[in-house]
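Visitor: Quick one, fold the following:
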Amino acid sequence: MPRRLFVFDFPDRFATGTVGQPGQRTFFLQARDGRRVISVSLEKTQVAVLAERLGRLLVELDRVGVVPDPPAPIEPDEQPLDEPINEAFRATTLTLGWDGEAERILIEARAPSEADEDEELEIDDDDEDGPDLLRVHLSASAARTFVERAFRVIRAGRPPCPLCGQPLEATGHICPRRNGGYVH
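Guide: Okay, here's the model as predicted:
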């Protein structure tokens, strides 16, 4: 099947969200530009790492004076993901970068490919046999909104066990820090 390349230059919205109940949630990145909407599924840890690294990038850009942090609080994105949520692909690789000339942030989500096994990271956009790719260019303010929402979405899941940090089910869990004892 030929490669699908989804490119969004400064989309109307770039957000993360979930479908399902805590413990059974599926995480998505979603980009929307007008009526065009693309949803890509990924793991909770990928969302957490992307938000954390993107937050660090924004702090560094503020520190060096490239993109100052605004004095006003971030307007939270509390809207649900756009419906219908049709998974374009499952992302296994995320890339984060800064384009200094255009002063924009670049985020890429890539589907698995045979190249992943060969550790070949550079794939030409014109390669029709490459993996599906979502490429989003964001302003710093859109990236800040994404980070704020991502951390809120992650915290909305199951609370962590105070002893081991693993997610607590409503009924508790068997905690390795208590030598297999049950924690409520």
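
Visitor: Against residue 166, how distant is residue 160?
Guide: Distance from residue 160 to residue 166, counting by C-beta to C-beta, to the nearest Å: 7 Å. For every residue, glycine as well, the C-beta is placed using N, CA and C.

Visitor: Same drill for those two, tell me which one is more crowded.
Guide: Taking neighbours as other C-beta atoms under 10 Å, residue 160 and residue 166 compare with residue 166 leading, 15 against 11.

Visitor: In this structure that one contacts residue 175, no?
Guide: Yes. Applying C-beta atoms under 8 Å as the test, residue 166 and residue 175 come out as touching, 7.4 Å apart.

Visitor: For this structure, just list every one of the strands.
Guide: For the chain, the strands defined by DSSP state E cover 5-9, 13-19, 26-33, 36-42, 87-90, 93-99, 104-110, 133-138, 173-175, 181-183.

Visitor: so what pLDDT did the residue nearest in space to the middle of the chain get?
Guide: With distances taken as C-alpha atoms, centre = their mean, the residue of the chain nearest its centroid is residue 47 (3.8 Å). The model reports residue 47 with a pLDDT of 96.

Visitor: so the closest residue to residue 82 other than its chain neighbours bridges to which residues?
Guide: Spatial nearest neighbour of residue 82, excluding adjacent residues (C-beta to C-beta, 6 or more residues apart in numbering): residue 37 at 4.8 Å. Assessed by DSSP bridges, residue 37 has beta-bridge partners residue 32.

Visitor: Can you give me the neighbour number for residue 37?
Guide: So residue 37, with other C-beta under 10 Å, has 19 neighbours.

Visitor: so it touches residue 31, yeah?
Guide: Yes. Residue 37 lies in contact with residue 31 (C-beta under 8 Å); the separation is 7.3 Å.

Visitor: residues in contact with residue 168?
Guide: Going by C-beta atoms under 8 Å, 6 or more residues apart in numbering, residue 168 touches 158-161, 183.
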